[in-house]
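Enquirer: 3D, please:
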Amino acid sequence: MKMKRHNFTLMEVMVAATLLAMAVAASMGIIGGARARLLRAEKRWGRQHLLSQAAECYLLGGANAQLPEGLLPQGFSSRCQLYDTEDLPEDALESIREWRLGEYHIQVFDPAGNLMQEMRIRKLVKEEDLE
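Expert: Residues are numbered from 1 along each chain as shown. Here you go, the predicted model:
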């Protein structure tokens with residue numbers, strides 16, 4: 001017995017090629033969007049990492065600590081200011097054995113001098129450091 005062979009028509013080939021092209025285009029759009037989200041997340045992580053590095057240094061060495069060479073990339077800078085915490089109940093504002101709650105305001109700047117990230121951290125500090 002001979003089997004009848006079925007050839008594809010030009011229309012069927014065109015429909016298949018169109019569907020394949022649409023699938024490739026949709027895949028490229030999904031991949032492009034994922035790549036853009038990944039790059040944004042990496043940039044946010046980088047900024048937060050620099051801020052965390054600076055914060056750790058200031059919390060260990062005090063608000064006037066000098067950052068070690070190479071801690072931040074070339075051209076980047078940071079600043080730290082220590083404030084007396086004022087938004088506490090009156091009985092909490094008094095020092096206990098010469099210790100008070102202070103608030104570190106830490107900022108990291110890019111090479112152009114623009115503020116990249118900042119954070120505020122409250123920590124017990126010696127009363128003399130707040131003056």
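Enquirer: list the contacts for residue 72?
Expert: 50, 53, 54, 78, 108 (Cβ atoms under 8 Å, 6 or more residues apart in numbering). (C-beta placed from N, C-alpha, C; glycine too.)
Enquirer: Enumerate every residue touching the second one.
Expert: With contact taken as Cβ under 8 Å, 6+ apart, residue 53 is in contact with 71, 72.
Enquirer: Could you state which residue of this protein sits nearest its centroid?
Expert: residue 44 (2.7 Å; Cα atoms, centre = their mean).
Enquirer: Let me know the helix or strand that it is in.
Expert: helix 10-61 (DSSP states H and E).
Enquirer: Point out where the protein drops to low pLDDT.
Expert: 1-2, 131 (pLDDT under 70).
Enquirer: mind redoing it with 80?
Expert: The model of the chain has pLDDT under 80 over residues 1-6, 86, 88-95, 130-131.
Enquirer: now the contacts of residue 72 as CSV including distance to residue 22?
Expert: Below are the contacts of residue 72 laid out as CSV (distance: Cβ to Cβ, whole Å):
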residue, distance to residue 22
50, 43
53, 47
54, 49
78, 50
108, 45
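Enquirer: Quickly note the distance from residue 50 to residue 114.
Expert: Distance from residue 50 to residue 114, counting by Cβ to Cβ, to the nearest Å: 13 Å.
Enquirer: Next secondary structure after the helix holding residue 44?
Expert: Downstream of helix 10-61, the next assigned helix or strand under DSSP H and E is strand 77-84.
Enquirer: could you point out which element follows that following strand?
Expert: Next along the chain from strand 77-84, counting by DSSP H and E, comes helix 90-93.
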